[in-house]
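Engineer: all I have is the shape, not the residue letters:
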């Protein structure tokens, strides 16, 4: 048993039983934020208010004491002129041009699409410092995978079989599993405390609904868990990955921006989404699309479940559902003709411009 496993075995219950209002160490977060903008000028809110005598005078709306109380938890104000005069910090990529450390990433798929296997395989590749499917990775990461759905003995079997299927990659003591099924005290805050002790750079929650409270169709009910992911990413610097399910029905008929069950606030919150959609012809093949906030669009591709793991299937056509007639042609033409207009693409593949527009949004292609 590795040192990481010993730590979890002896400390998991203690960490998970922390109250849901456990506070993170904000000093580290503040220091990190200051380091990111150390070459640029910033102003505290008190300094800004001191420059505005009307605002802090006894006749103003707020007193200086009120202002301090209201602004003490806010980030510093940045003078845009100072940003223009200096270079931004370099992004810290996880997978090149897909997502970075500190990002929030949602993996979305329907029932029986093997999304948990997909996520577990991704965790293995990150811990081993390996590329995954179509995505390049140039370093090793410490990963905490929190699974709250499968009984520990069954998940143990999954981990062992996946490791074997991948050719027994060297993951050292960098992939940690937290089996949270049955723990009513399992919270994002408690997981954050465990992640800090492990130095985790990637934190995975599978599935999302186990960490949400209330109705997933309600924006108000979903906001707290999404805010806790923000806090977790800010306090640890880690990428936060969560696994979510599609609603019932044919996912291929939905725009990628509308994927995922529940409130639309989910689709507006993440930095990157990875969707798995059933292939039109092969039940063991998933069509992989991405929707990225911080990086250029990437073409869709296929991954086929084979011998206990997903493999990048270069032979499979990128077609989904019953309405995938133009999918492959659209993706291929867009890839080989960057900058082509929808009218040009529609003429080339033989569809009308409105169909081309729907394909663009559904397939997540630029």
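Structural biologist: Thanks, I have the structure now. Computed from a predicted structure; not experimentally measured.

Engineer: tell me which residue is most central in the protein.
Structural biologist: The C-alpha lying nearest the average C-alpha coordinate of the chain belongs to residue 105 (C-alpha atoms, centre = their mean; 0.9 Å).

Engineer: mind checking how far it is from residue 339?
Structural biologist: Separation of residue 105 from residue 339 (C-beta to C-beta, to the nearest Å): 28 Å. (C-beta placed from N, C-alpha, C; glycine too.)

Engineer: now for residue 199, how many residues are close by?
Structural biologist: 12 (other C-beta atoms under 10 Å).

Engineer: nearest residue to it in space, please, no chain neighbours.
Structural biologist: residue 142 (5.4 Å; C-beta to C-beta, 6 or more residues apart in numbering).

Engineer: what is the burial count for residue 209?
Structural biologist: By other C-beta under 10 Å, the residues close to residue 209 number 17.

Engineer: and the nearest residue to it once chain neighbours are set aside, what does it touch?
Structural biologist: Among residues not flanking residue 209 along the chain, residue 216 sits closest, at 6.3 Å (C-beta to C-beta, 6+ apart). By C-beta atoms under 8 Å, 6 or more residues apart in numbering, residue 216 lies in contact with 209, 222, 261-263.

Engineer: among those, which one has the most neighbours?
Structural biologist: residue 222 (22 neighbours).

Engineer: residue 263 is in contact with that one, correct?
Structural biologist: Yes: the criterion here is C-beta atoms under 8 Å, and residue 222 meets it with residue 263 at 4.9 Å.

Engineer: tell me where the model's unsure across the chain.
Structural biologist: 1-65, 253, 322-325, 362, 364, 366 (pLDDT under 70).

Engineer: show me the domain layout of it.
Structural biologist: 37-84, 93-317, 325-366 (automatic domain parsing).

Engineer: most tightly surrounded among the ones you listed?
Structural biologist: Mean neighbours per residue, mean count of other C-beta atoms under 10 Å, is largest over these for domain 93-317, with a mean of 19.

Engineer: is the residue nearest to residue 272 when sequence neighbours are not counted in a bridge, and if so with what?
Structural biologist: Excluding its sequence neighbours, the residue lying closest to residue 272 (C-beta to C-beta, 6+ apart) is residue 99, at 4.2 Å. Beta bridges link residue 99 to residue 95, judged by DSSP bridges.

Engineer: for residue 315, see how far away residue 99 is.
Structural biologist: 27 Å.

Engineer: now distance to residue 173 and secondary structure too, for the contacts of residue 216, in a markdown table please.
Structural biologist: Shown next, in a markdown table, are the contacts of residue 216 (distance: C-beta to C-beta, whole Å; DSSP: H, G, I helix; E, B strand; the rest coil):
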| residue | distance to residue 173 | secondary structure |
| --- | --- | --- |
| 209 | 30 | helix |
| 222 | 35 | helix |
| 261 | 36 | coil |
| 262 | 36 | coil |
| 263 | 38 | coil |
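
Engineer: re the thing from before, can you name the element that comes right after whatever helix or strand the residue nearest to the centre of the chain lives in?
Structural biologist: If you go by DSSP states H and E, residue 105 is part of strand 104-109. Of the helices and strands lying after strand 104-109 in sequence (DSSP H and E), the nearest is helix 115-128.

Engineer: distance between that following helix and the chain's centre?
Structural biologist: 13 Å (C-alpha atoms, centre = their mean, to the nearest Å).

Engineer: ok, residues contacting that helix?
Structural biologist: So helix 115-128 is contacted by 94, 107-109, 130-132, 137, 140-143, 145, 147, 149-150, 158-159, 162-163, 166, 169-172, 174-175, 202, 204, 206-207, 241, 243, 245, 276, 286, 303, 305, 309-310 (C-beta under 8 Å, 6+ apart).

Engineer: switch to 6 Å and redo it
Structural biologist: Helix 115-128 has contacts (C-beta atoms under 6 Å, 6 or more residues apart in numbering) with 107, 109, 132, 141, 143, 145, 162, 166, 169, 171, 174-175, 202, 206, 243, 276, 309-310.

Engineer: just the ones of those residues in helices?
Structural biologist: Among the contacts of helix 115-128, the members found in helices (DSSP state H) are residue 162.

Engineer: before we move on, the earlier item: contact partners for the residue nearest to residue 199?
Structural biologist: 174, 199-201.

Engineer: and if you look at residue 161?
Structural biologist: Counting by C-beta under 6 Å, 6+ apart, residue 161 makes contact with residue 308.

Engineer: where's it relative to residue 237, distance?
Structural biologist: Residue 161 sits 32 Å away from residue 237 when distances are taken as C-beta to C-beta.

Engineer: and what of residue 320?
Structural biologist: 36 Å.

Engineer: where's residue 67, which helix or strand?
Structural biologist: Using DSSP H and E, residue 67 maps to helix 64-71.

Engineer: tell me the helices and strands packed up against that helix.
Structural biologist: Applying 3 or more C-beta pairs under 6 Å, 6 or more residues apart in numbering; DSSP states H and E, we find helix 64-71 packed against helix 45-50.

Engineer: using the three-state scheme, assign residue 333.
Structural biologist: Under DSSP: H, G, I helix; E, B strand; the rest coil, the three-state class of residue 333 is helix.

Engineer: quick check: it touching residue 350?
Structural biologist: No: the pair residue 333 / residue 350 is not scored as a contact, 10.7 Å apart, by C-beta atoms under 6 Å.
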